[in-house]
Structure formats: structure tokens, C-alpha cells
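Student: model the following, please.
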Amino acid sequence: MNFSVPANIRATARKAIAYNLSLPMSKRAAYKQEGNKRVQGTGMNTARKLVSGTVNSAQIIKMYAWFARHGESPKEKEARKDRTSKASIAWQLWGGSAGRRWVNFNYRKLKKQEKEKK
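Tutor: Now for the predicted structure:
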């Protein structure tokens, strides 16, 4: 099943990508070390999928898990108060608070459909 990404979430992800790429590599969110170089991680990949306008069920499930891990953490919430922190940038790459609400809605819809099939 595919889901159309709302315009405000696409815009949030697009702005986050641009801001993240404007930073020096050492300050960027959603990059990981592979060998001796830093490469794009799941946050940047997710943002690009959001910007594309469509995500599939697997991406909704992945995003639901990410928001579950990072949304309720007091440490992460505190870090996101600084809009220039990696935590805040990562949050925006995943669609921000609007993205979280949209993912939760669609995740519940997926689970309901699964239940009805049984």
C-alpha cells in the first residue's frame, strides 16, 4: 500500500535536507561512518522519500518505530529544543511533529486492515 505524503511534511523534510547539507559534515545529522568516510544514513534517505511525495507500508512501519524510539525520550526532547542540534535536524528530516502524527494515523490504519484480514 502506498501513502501520499502531505505537502507540509514534504516541505519540512525538504527544508531539513537543505539545512543539513549546508552544514559541515561533522555537524550533519543522519550521516554514519562507513570505513573512513561519512555516508548518508536512514534519516536522509527517509527525508528524500518524504519529499518524493509517496511512501509505502514498510516505510510507515519504519517511521513509526523511529518516532516511538525518539519521540518520547526526555533526552531527545531536550536536545530538540536547540533547533541547530543533530536531534532537531533529524526530527525534521523524518517529517517533524506533523510527520509523527501522520505516521501514527497511517500505522493505525495498516494495523486495522491487518486485523480485518484475519
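Student: drop to CA atoms for contacts and neighbour counts, all remaining ones
Tutor: OK.
Student: how many other residues sit next to Thr46?
Tutor: 20 (other Cα atoms under 10 Å).
Student: helix or strand for it, which one?
Tutor: Per DSSP states H and E: Thr46 is located in helix 42-52.
Student: now that helix: average pLDDT?
Tutor: Mean per-residue pLDDT for helix 42-52: 97.
Student: which elements pack onto the helix or strand just after that helix?
Tutor: Once helix 42-52 ends, the next helix or strand along the chain (criterion: DSSP H and E) is strand 54-56. On a contact count with 3 or more Cα pairs under 8 Å, 6 or more residues apart in numbering; DSSP states H and E, strand 54-56 meets strand 2-4.
Student: what sits closest to Met25 if chain neighbours are left out?
Tutor: Spatially, and ignoring its direct neighbours in sequence, Met25 is nearest to Arg38 (7.8 Å; Cα to Cα, 6 or more residues apart in numbering).
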